[in-house]
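> Have a look at this fold, sequence not included:
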């Protein structure tokens, strides 16, 4: 594997806060009209959520379900954490953060509907600047597991110089020593994710999630990648 950092992605509206505020405003409205409509589950066509739960469950004694603390970056509607509670039977402290106030409001409403508001907390929080947006909620602490399902993708599309390195540094600060960071992406290959997340010097490759592959032009690939890293110190 090359140690050279990948080429940054071209900017896109998917990398702007305005895009996500608008998207979650729409989902909030839909949920108000139909509480069973909890919004989009990203990468559902690849069964990413189910595979993430399966992967974390497979860690056995390394991640005891009653004790493992989990932080979800760019939580959206919170469905990743809800599934970990309901399907994965994880019962440790969980928190989802997002820089979109509309996302956080949607996740909180869905949590109340599912009666999970006492197990899963949601905060408005800007990961790039490392600070919360709600009074008295400025620190996140450190966690056993940090999840990213599409958030690094969106950050990488922002067009902000060196944004990938800034993101990795913030992620490193949020995971406990020997803790895990699991990143799922549709824009970066496994090799590229490894080059980005190992570039900070604190995270090392731990494992990967296997997805169905396809062949095109003699090359083999997959639609999304999930790579797990461990904080080594």
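Here it is on my side, so go on. Treat the numbers as computed from the prediction; the structure is a model and nothing was measured.
> Helix or strand: which one has the spatially most central residue of the chain?
Centroid-nearest residue in the chain, with C-alpha atoms, centre = their mean: residue 148, separated by 1.8 Å. Per DSSP states H and E: residue 148 is located in strand 143-149.
> buried stuff in the following helix or strand past that strand?
Using DSSP H and E, the helix or strand that follows strand 143-149 in sequence is helix 151-156. By 16 or more other C-beta atoms under 10 Å, the buried positions in helix 151-156 come out as 151, 152, 153, 154, 155, 156. No exception for glycine: its C-beta is placed from N, CA and C like everyone else's.
> follow-up on the earlier one: just the residues contacting the strand holding residue 148, thanks.
Residues outside strand 143-149 that contact it (C-beta atoms under 8 Å, 6 or more residues apart in numbering) are 42-43, 48-49, 52, 56, 63, 67-74, 80, 92, 95, 171, 174-176, 179-184.
> rerun that using 7 Å as the cut-off
Identification of contacts with strand 143-149 by C-beta atoms under 7 Å, 6 or more residues apart in numbering yields 42-43, 48, 56, 63, 68-74, 80, 171, 174-176, 179-184.
> Run the chain-centre distance for that strand.
With C-alpha atoms, centre = their mean, to the nearest Å as the basis, strand 143-149 stands 7 Å off its chain's centre.
> Partner strands of that strand, with direction?
Strands that pair with strand 143-149, judged by DSSP bridges, come out as strand 70-73 (parallel), strand 175-185 (parallel).
> what's the average pLDDT for the first one?
Right, the one you point to is strand 70-73. On average, the pLDDT along strand 70-73 is 98.
> tilt between the very next helix or strand once past that strand and strand 143-149?
Per DSSP H and E, the first helix or strand lying C-terminal to strand 70-73 is helix 79-86. Interaxial angle, helix 79-86 versus strand 143-149 (axes from the mean of the first three to the mean of the last three C-alpha atoms, to 10 degrees): 130 degrees.
> Contacts for the helix or strand just after helix 79-86 next, please.
For helix 79-86, the following helix or strand on the C-terminal side (DSSP H and E) is strand 94-98. The contact list for strand 94-98 (C-beta under 7 Å, 6+ apart) reads 70-76, 78, 81, 84, 104, 107, 119-125, 140.
> pLDDT of strand 94-98, averaged?
For strand 94-98, the mean pLDDT works out to 97.
> what's the answer for stretch 207-218, then?
79.
> ok, which stretches of this protein are strands?
For the chain, the strands defined by DSSP state E occupy 70-73, 94-98, 120-126, 131-132, 143-149, 175-185, 203-209, 214-216, 219-221, 225-231.
> in its sheet, what does the fourth one sit against?
Taking DSSP bridges as the criterion, strand 131-132 forms sheet pairs with strand 120-126 (antiparallel).
> What angle do strand 94-98 and the partner strand make with each other?
Interaxial angle, strand 120-126 versus strand 94-98 (the same axes, to 10 degrees): 30 degrees.
> Give me the distance from strand 120-126 to the chain's centre.
13 Å.
> List the contacts of that strand.
By C-beta under 7 Å, 6+ apart, the surrounding residues in contact with strand 120-126 are 75, 78, 81-82, 85, 94-99, 101, 104, 107-108, 111, 132-134, 137, 140.
> Distance of the closest residue to residue 202 other than its chain neighbours relative to residue 31?
Nearest non-adjacent residue to residue 202, counting by C-beta to C-beta, 6 or more residues apart in numbering: residue 172, 4.5 Å away. Residue 172 sits 34 Å away from residue 31, going by C-beta to C-beta, to the nearest Å.
> related to what we said a few turns ago, same list, the strands of the chain, but as a markdown table with distance to residue 19 please.
Shown next, in a markdown table, are the strands of the chain (distance: least, C-beta to C-beta, whole Å):
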| stretch | distance to residue 19 |
| --- | --- |
| strand 70-73 | 17 |
| strand 94-98 | 13 |
| strand 120-126 | 16 |
| strand 131-132 | 22 |
| strand 143-149 | 17 |
| strand 175-185 | 18 |
| strand 203-209 | 27 |
| strand 214-216 | 29 |
| strand 219-221 | 27 |
| strand 225-231 | 23 |
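> Great, nothing more from me.
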